[in-house]
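Q: Next one to model:
(2 chains)
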Number of protein chains: 2
Amino acid sequence: MAPIRSLDELAPGMSFDLGRFVLPREEVLDFARRFDPQPFHLDEAAARNSIFGRLVASGLHTFSAAVGHLIRSGIFAAVNLGAGGAELKWPAPLEPDTPVTMRVTVEEIRHSRSKPGMAIVKLRYIVAVERDGTVVLEVLAPHFMKR
Amino acid sequence: MAPIRSLDELAPGMSFDLGRFVLPREEVLDFARRFDPQPFHLDEAAARNSIFGRLVASGLHTFSAAVGHLIRSGIFAAVNLGAGGAELKWPAPLEPDTPVTMRVTVEEIRHSRSKPGMAIVKLRYIVAVERDGTVVLEVLAPHFMKR
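A: Residues are numbered from 1 along each chain as shown, chains lettered A, B, ... in the order given. Okay, the predicted model is just below:
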C-alpha cells in the first residue's frame, strides 16, 4: 500500500486495509498494570466473575495499539498533522493473543477556509477479530491533514 | 475521598476532585515509541517544526494516564463494570513533566429497564494543566455501574 503523498489524493469512501495485529497476553497485562488496573484486565479468576467472563484487554490498549498500527503503516505519515479528538466504541471485548484486522476509511473531508491546503479528514478505524469478524473497536477521529 | 459503595450514592452533577498527576518525559517517550511513534511525540527538533512547536505527549498517553489515575483512586472500584465507549477531545497538547489536575463529574444516570440495579452513568473527565487551567483532555464516557 503506497503512502499518501498529499491530502489531495484522499476522497470520501476511500478505504485502506492495514492488515493484522495481535495483543500478546504479556503486553495486555503490562498495559493494564500501568493504565487500567481493573481485575478483569489483570487476573483470570477475577475476570471469570466479571461481566466479561474471561480476561480481556483494556479498551485503552486496543485503541492505543490500533493507532500504533496505523502510524507504523506509514500510510498518512506525510500528511497527518495530528488529531483533535476521537469517538470510541468498544462493541465487544478483545481477548489476548487473538489476531485482529484493521481497516481505515475516509468518512469526510472538510477543507479549511482560513488555512489553504489544510483539511480536517474524518477517519473511521474498524478493528475486528480475524476469525469471526467481531468488531472490537470502532473509532471516528478528525485528523488535521495537509497537502 | 470515600469510595462510592453503590450506584445509588451517585447523582447527576456530583463532582470528584482526583488530585494531580504528571507524565514524566521518559514515560512520554516510551509510550510514543510503542503506540504513537510520530516525530512530534519523539524528537525535540522534529517537534519544533510541527504544528505543536515543541515535544508533546501523545493524546493516547494523556487519556490512558487519566484513566489509570481514575482507576487507582478507587472511587468507583466497587460499582464500575466497564465502559462501552468514550468521546475524547484534546483541546490543547500536554508537555512532559507538567502537573495536571483531574476532575470527574457525573453527567447523567440512565437506569436499565432490563437489568435492575444497573445503570449507564455518563462521566465527564476533565484534565487541566495545574499552572494555568488549560484543558488538555476532556472525556465523556458511559460507564456500566451497579448497586
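Q: In stretch A:1-15, which residues are buried?
A: For stretch A:1-15, burial by neighbour count (16 or more other Cβ atoms under 10 Å in any protein chain shown) applies to A:4, A:7, A:10. C-beta coordinates here come from the backbone N, C-alpha and C atoms, glycine included.
Q: OK, contacts around the spatially closest residue to the last one that is not a sequence neighbour?
A: Right, the one you point to is A:Leu10. Leaving aside its sequence neighbours, A:Leu10 sits nearest to A:Val106 (Cβ to Cβ, 6 or more residues apart in numbering or on different chains; 5.3 Å). Counting by Cβ atoms under 8 Å, 6 or more residues apart in numbering or on different chains, A:Val106 touches A:10-15, A:121-123.
Q: let's see it at 10 Å
A: A:4, A:10-16, A:121-124, A:143 (Cβ atoms under 10 Å, 6 or more residues apart in numbering or on different chains).
Q: quick one: which of those is nearest to B:Val28?
A: A:His143 (20.8 Å; Cβ to Cβ).
Q: residues near the closest one, how many?
A: 18 (other Cβ atoms under 10 Å in any protein chain shown).
Q: Can you name the residues bridging to it?
A: Under DSSP bridges, the beta-bridge partners of A:His143 are A:Ala83, A:Val121.
Q: measure the spatially most central residue of chain A to A:Ser58 for me?
A: Centroid check for chain A by Cα atoms, centre = their mean gives A:Ala66 as the closest residue, at 3.3 Å. Distance, A:Ala66 to A:Ser58, by Cβ to Cβ, to the nearest Å: 13 Å.
Q: Which helix in chain A has the most residues?
A: helix A:59-73 (DSSP state H).
Q: now it: mean pLDDT?
A: Average pLDDT, helix A:59-73: 98.
Q: now do stretch A:20-28
A: 98.
Q: The nearest residue to A:Gly74 once chain neighbours are set aside in helix, strand or coil?
A: Leaving aside its sequence neighbours, A:Gly74 sits nearest to A:Pro3 (Cβ to Cβ, 6+ apart; 5.2 Å). Of the three states, A:Pro3 takes coil under DSSP: H, G, I helix; E, B strand; the rest coil.
Q: tell me the contacts of A:Pro3?
A: Listed by Cβ under 10 Å, 6+ apart, the contact partners of A:Pro3 are A:9, A:73-79.
Q: so which pair among those residues is furthest apart in space?
A: By the measure Cβ to Cβ, A:Glu9 and A:Ser73 form the most distant pair in the contacts of A:Pro3, at 15.3 Å.
Q: Put together TSV for the contacts of A:Pro3, with distance to A:Asp30 and secondary structure on each row.
A: Below are the contacts of A:Pro3 laid out as TSV (distance: Cβ to Cβ, whole Å; DSSP: H, G, I helix; E, B strand; the rest coil):
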residue	distance to A:Asp30	secondary structure
A:Glu9	38	helix
A:Ser73	23	helix
A:Gly74	26	coil
A:Ile75	27	coil
A:Phe76	28	coil
A:Ala77	27	coil
A:Ala78	32	coil
A:Val79	32	coil
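Q: All good on my end, thank you.
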